[in-house]
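Asker: Structure for this input, please:
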Amino acid sequence: MPTPKINNPGGISSEAVQAKTGKTWPEWIAALDAEGCQKMTHKEIVAVVNSKFGIGAWWQQMVTVGYEQARGLRAKHQKIDGFAASASKTFNAPVAAVFKAWNDSRTRKKWLTESLTIRKATPNKSLRIVWGDGSSSLSVNLYVKGDTKTQVALEHEKLANAKEVAKLKKFWGDKLNTLQAVLEK
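Answerer: Okay, the predicted model is just below:
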């Protein structure tokens, strides 16, 4: 059995996990190893965490993902249906202007020329997008931070591998900077 990678699996410190679940990462890894989780699917591990340890649903997922990462069962940025890249940025612009920059094709072309299909748009809240290649998708969430301040948090999902994640993290960082220039001119 490889030595567990305990340095903040899942991106959450051992102290934070202990404060919310009563166990540190080394304690979780030992407890889940004792339950045979290293040979289980994600869903099966969640069921063990739920039935044996009785923590909330969000923490069940967090502990399971951290365990899978620590045991080499899941790579960083990996989800059940592939990999995901995320990015966020806060703009000095009202939420309506930021929403329009994503939703209105003419405005969007000023900063994003790639092909996409908006599957669902909730005004001033969120967009669900099918990326041009048809094999990946994008979730865009907008958060009001003041009358003229809006945060965009996006996740590009169903990616093939970690290399694609790295490429898209850079891509979205650059595109959000371009969007900022359009919105704040």
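Asker: Please make it C-alpha for all contacts and neighbour counts, starting now.
Answerer: Fine.
Asker: mind pulling up the phi and psi values for Ser126?
Answerer: With angles defined as degrees, to the nearest 10, Ser126 sits at phi -160, psi 160.
Asker: Quick one: residues contacting it.
Answerer: Phe99, Ser139, Val140, Asn141, Leu142 (CA atoms under 8 Å, 6 or more residues apart in numbering).
Asker: doesn't Ala97 make contact with Lys149?
Answerer: No - using CA atoms under 8 Å, Lys149 makes no contact with Ala97, being 10.2 Å away.
Asker: and the longest helix belonging to the chain, what does it pack onto?
Answerer: For the chain, the helix with the greatest residue count under DSSP state H is helix 162-183. Helix 162-183 sits against strand 82-91, helix 95-103, with contacts defined as 3 or more CA pairs under 8 Å, 6 or more residues apart in numbering; DSSP states H and E.
Asker: Which neighbouring elements make contact with whichever strand or helix holds Gln151?
Answerer: Secondary-structure element containing Gln151, defined by DSSP states H and E: strand 149-159. Strand 149-159 is packed against strand 82-91, helix 95-103, strand 137-146, with contacts defined by 3+ CA pairs under 8 Å, 6+ apart.
Asker: Reformat those as TSV; add mean pLDDT, distance to Ala16 and mean neighbour count.
Answerer: Shown next, in TSV, are the helices and strands packed on strand 149-159 (pLDDT from 0 to 100; distance: least, CA to CA, whole Å; neighbours: other CA atoms under 10 Å):
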stretch	mean pLDDT	distance to Ala16	mean neighbour count
strand 82-91	86	22	19
helix 95-103	97	32	20
strand 137-146	94	25	18
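Asker: can you tell which of these is closest to Ala162?
Answerer: strand 82-91 (6.7 Å; CA to CA).
Asker: For the closest one, give me every contacting residue.
Answerer: 77-78, 149-162, 165-166, 168-169, 172-173, 176, 180, 183-184.
Asker: ok, now with 6 Å
Answerer: The set of residues external to strand 82-91 that reach it, using CA atoms under 6 Å, 6 or more residues apart in numbering, is 77, 149-161, 165, 169.
Asker: From Asn103, how far out is the closest residue in space to Leu112 that isn't next to it in sequence?
Answerer: Nearest residue to Leu112 in three dimensions, chain neighbours excluded: Lys175, at 6.9 Å (CA to CA, 6 or more residues apart in numbering). According to CA to CA, to the nearest Å, Lys175 and Asn103 sit 15 Å apart.
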